[in-house]
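>>> Okay, predicted coordinates and the sequence, questions at the end:
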Amino acid sequence: MTANNSKGLFALGARRAGVAFAACLAVSTGALPFAKQAAASTGSLPPLILMPVPEAPHGITRGQVAAKQRHATRLASIETATSAALAALPLLDASGVSATLREHMLQAAEADTKDQDLAEAKHFFEARSFAPAWTDHARLTPAAKKTLERLHNAKFDGLDPNDYALDALDAGTLRLRSVEDLVDFEIAMTAAVARYIRHAAMGRINPRSVSQYITSTPERPDIAGGLVRVVSSGNPAEVLDSYHPAHPGFLALREALARSYETEGTAKKIVEIPDGPLIKPGMRDKRIPLLRTRLGLEPAKENETLYDDALAKAVIKLQEKTGLPSEGFIGKLTLGVLNGNSKASRADILVNMERWRWLPHDLGQHHVFVNIPEFLARVFTDGKAIHTTRVVVGKPKNQTPIFSDEIEHIVVNPTWSVPRSIATKEYLPQLQQDPTYLAKRNIQVLGRGGAVIDPTTVDWASYSRSSMPYRFRQPSGRGNALGNVKFMFPNEHSVYLHDTQSRSLFSRSVRAYSHGCVRVHQPFEFADALLESEAGWNGTKIKRMIGSGGERHVILKTHIPVHLAYFTAIAGGDGASVVKLRDVYGHDARMKQMMGL
């Protein structure tokens, strides 16, 4: 051992002895605060125990006995304080704490290489040379206390407080009695905050684990940078809040969630409106007075069973709000809404909040938003819907996928290249029964090299789904399945938005009939709204191109974001009411199970 090392160790020993002596002196004189700090880091000192003064022996006064007892009690307290101070010394050794923190952090990260939150904690501590972030001389920093408070309230953000190991991080019961206690707290706290940031921004579950039709890719935040922001902020709750979606739909659901906790157990049961025949405006029905009351209208002064104009307007407003056909007819679906069958549960709110986290944080200044369970597509500009149209989406067995992309071009007079799944599963069995099946539908059979061949010359019975070598194509023009125009955003699912010849389906309330693509009810009005910022193009110009010689492509100078989304719970702006839509594809049910709801 060198002389310098010896001097350093001696000096450190002297310092520790001095601190311990100072702690002893503090107890006897009350002159120094260090003993209190040491006690705070190791547990409270035992209070002085005031024992009854026994009878004094002969020749010794009772006062002398009491003085000896006080002296003995004080010596015991000094001994306890000395032990506390000596135990706390390592907690005050910054270099020793950092070295232990580095050792424990690296061990934890290496023990579980798949834990992405521990990996983020490791990056965070490496950047600060493993200096403690949440404690100062074994005491929680103000930022740590405020952060823990926010984590305890995670349920109001649509997250689960149990995900953040809060029992082990409870400031009220936490005791940091050793360096190991301190560094383990630092690591656990950092991993918990990293997990919260990740959950807030990306959600608790991987979208692709729910369904093969969900390929949304949540945006990953800079978690290590977020940790720096939280520990250095005077308002860490505000920093944490910034990682949640800022979309109005998410914020409204969060308000509704808060209301569900506030009103828990206080909901009043409504009087159910009986089922019965379809009611149209102008008809009479004994349920009309109850309907008026439910919709907030005054009782009719006369003709109280008449379905009048005032009631029809209220019904149509309700139907528009809930995505039902707004003809004013009162049938099973409208009665279901009025009877509360469409009210969203807390679990419904939570799974829908989760799906908002899967969307890009910036949907785009000008974008298309298709909500599959609502059977509606909207064009938004600056946060306002400038166009809304009905759509037909995929059947439950041929679901419209959920993801975000960008519309790059428009095809007028499109041909339809029949997807192989449709060709083999649907058309091949038909051709085996009737070789003219495709010809009757103006669908061509293409052989090698793309040559058109006569389907009646093919022995269709000799082919199976896997061996069938032909492709099918429907030329543009009248009867084409894609109609007159399609809106393209090339993607792994080969889906797009398009016109259709089957227009009768748009009048139905449930419109899940396609093979996965999205059929648009008013394609040229939709094109008008879509192209509002595309110089030289509009819906009218697109319409004039119909039938003018084969496929024609309109390449957009600015790509337009498009979001195929799935929201079954839609809250009003203040969160006071939440409409529940049909879980068309069963995503809600699967997510509730995955989230333990």
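Structure's in. What do you need?
>>> my read: residue 123 touches residue 224, true?
Yes - in this structure, residue 123 is within contact of residue 224 by Cβ atoms under 8 Å, at 4.6 Å. C-beta here means a position set from N, CA and C on the backbone, and glycine is covered the same way.
>>> So for these two, which residue has more residues nearby?
When neighbours are counted by other Cβ atoms under 10 Å, residue 123 and residue 224 differ, and residue 224 comes out ahead with 19 against 15.
>>> would that one count as being in a strand?
No - if the criterion is DSSP: H, G, I helix; E, B strand; the rest coil, then residue 224 is helix and not within a strand.
>>> For it, give me its contacts.
With contacts defined as Cβ atoms under 8 Å, 6 or more residues apart in numbering, residue 224 is in contact with 120, 123, 124, 127, 194.
>>> one more time with 10 Å
Applying Cβ atoms under 10 Å, 6 or more residues apart in numbering, one finds that residue 224 lies in contact with 119, 120, 121, 122, 123, 124, 125, 126, 127, 190, 194, 197.
>>> wait, isn't the third one in contact with residue 189?
Yes - using Cβ atoms under 10 Å, residue 121 is in contact with residue 189, at 8.8 Å.
>>> list the residues that contact both of the two?
Residues touching both residue 121 and residue 189 comprise 133, 227, with contact defined as Cβ under 10 Å, 6+ apart.
>>> pLDDT weak spots in the stretch 1-150 of the chain?
Residues of the stretch 1-150 of the chain meeting the criterion pLDDT under 70: 1-59, 64-65, 68, 71-72, 75-93.
>>> Need the three-state assignment for the residue nearest to the spatial centre of the chain.
Among the residues of the chain, residue 354 comes closest to the average C-alpha position under Cα atoms, centre = their mean, at 2.6 Å. Secondary structure, three-state DSSP: residue 354 is helix.
>>> Now for the residue nearest to it when sequence neighbours are not counted: which residues touch it?
Beyond its immediate neighbours in the sequence, the residue positioned closest to residue 354 (Cβ to Cβ, 6 or more residues apart in numbering) is residue 203, lying 4.9 Å away. Listed by Cβ under 10 Å, 6+ apart, the contact set of residue 203 reads 158-159, 216, 218, 245, 353-358, 591, 595.
>>> cutoff 7 Å now
Counting by Cβ atoms under 7 Å, 6 or more residues apart in numbering, residue 203 makes contact with 218, 354, 357, 358.
>>> Doesn't the last one belong to a strand?
No - note on residue 358: no strand contains this position according to three-state DSSP, which reports coil.
>>> Excluding chain neighbours, what is closest to it?
Sequence neighbours aside, residue 216 is the residue nearest to residue 358 in space, at 4.0 Å (criterion: Cβ to Cβ, 6+ apart).
>>> what residue ranges in the protein score low on pLDDT?
Where the chain drops to pLDDT under 70, the residues are 1-59, 64-65, 68, 71-72, 75-93, 171-173, 265-269, 322-325, 341-342, 573-576.
>>> tell me the domain boundaries of it?
15-92, 103-244, 288-338, 361-415+476-594, 419-474 (automatic domain parsing).
>>> Just send those back as CSV, with distance to residue 278 too.
Formatted as CSV, the entries for the domains of the chain read as follows, by distance: least, Cβ to Cβ, whole Å:
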stretch, distance to residue 278
domain 15-92, 73
domain 103-244, 34
domain 288-338, 5
domain 361-415+476-594, 13
domain 419-474, 34
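>>> of all those, which lies closest to residue 277?
Using Cβ to Cβ as the criterion, the shortest distance between residue 277 and these is 8.9 Å, found for domain 288-338.
>>> Tell me how far the closest one lies from the chain's centre.
Mean-position distance between domain 288-338 and its chain equals 35 Å (Cα atoms, centre = their mean, to the nearest Å).
>>> Now do it: distance from first to last residue.
13 Å (Cα to Cα, to the nearest Å).
>>> Residue 517 - nearest residue in space that isn't next to it in sequence?
If the residues on either side of it in the chain are set aside, residue 517 comes closest to residue 495, at 4.8 Å by Cβ to Cβ, 6+ apart.
>>> element containing that neighbour, please.
Residue 495 is located outside every helix and strand, with elements delineated by DSSP states H and E.
>>> and it, how many residues sit next to it?
For residue 495, the count of nearby residues is 23 (other Cβ under 10 Å).
>>> ditto for the one 5 residues further on
The local packing count at residue 500 equals 23, with neighbours defined by other Cβ under 10 Å.
>>> tell me the contacts of it?
Residue 500 makes contacts with 392, 483, 519, as judged by Cβ under 7 Å, 6+ apart.
>>> PyMOL command for the buried members of those residues?
Once 16 or more other Cβ atoms under 10 Å is used to decide burial, the buried members of the contacts of residue 500 can be selected in PyMOL as follows:
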select buried, resi 392+483+519
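>>> among the contacts of residue 224, which are in helices?
The subset of the contacts of residue 224 located in helices under the criterion DSSP state H comprises 119, 120, 121, 122, 123, 124, 125, 126, 127, 190, 194, 197.
>>> Show the buried residues in these.
Burial by neighbour count, 16+ other Cβ under 10 Å: within the ones in helices among the contacts of residue 224 this picks out 119, 120, 121, 122, 124, 125, 190, 194, 197.
>>> Just give me the closest of those to residue 283.
Checking those one by one against residue 283 (Cβ to Cβ), the nearest turns out to be residue 197, at 56.7 Å.
>>> and the gap between that closest one and residue 544?
Relative to residue 544, residue 197 is positioned 52 Å away (Cβ to Cβ, to the nearest Å).
>>> Which strand in the chain has the most residues?
The residue-count maximum for a strand in the chain (DSSP state E) belongs to strand 552-565.
>>> ok, now which ones touch residue 514?
The neighbours of residue 514, taking Cβ under 7 Å, 6+ apart as the test, are 392, 393, 394, 395.
>>> out of those, which is most surrounded?
Of all the contacts of residue 514, residue 393 has the most neighbours under the rule other Cβ under 10 Å, reaching 29 neighbours.
>>> Where does it sit: helix, strand or coil?
Classification of residue 393 by three-state DSSP places it in strand.
>>> How many residues are close by the spatially closest residue to it that is not a sequence neighbour?
The spatially closest residue to residue 393, leaving aside those adjacent along the chain, is residue 400, at 4.3 Å (Cβ to Cβ, 6+ apart). As a burial measure, residue 400 scores 25 neighbours (other Cβ under 10 Å).
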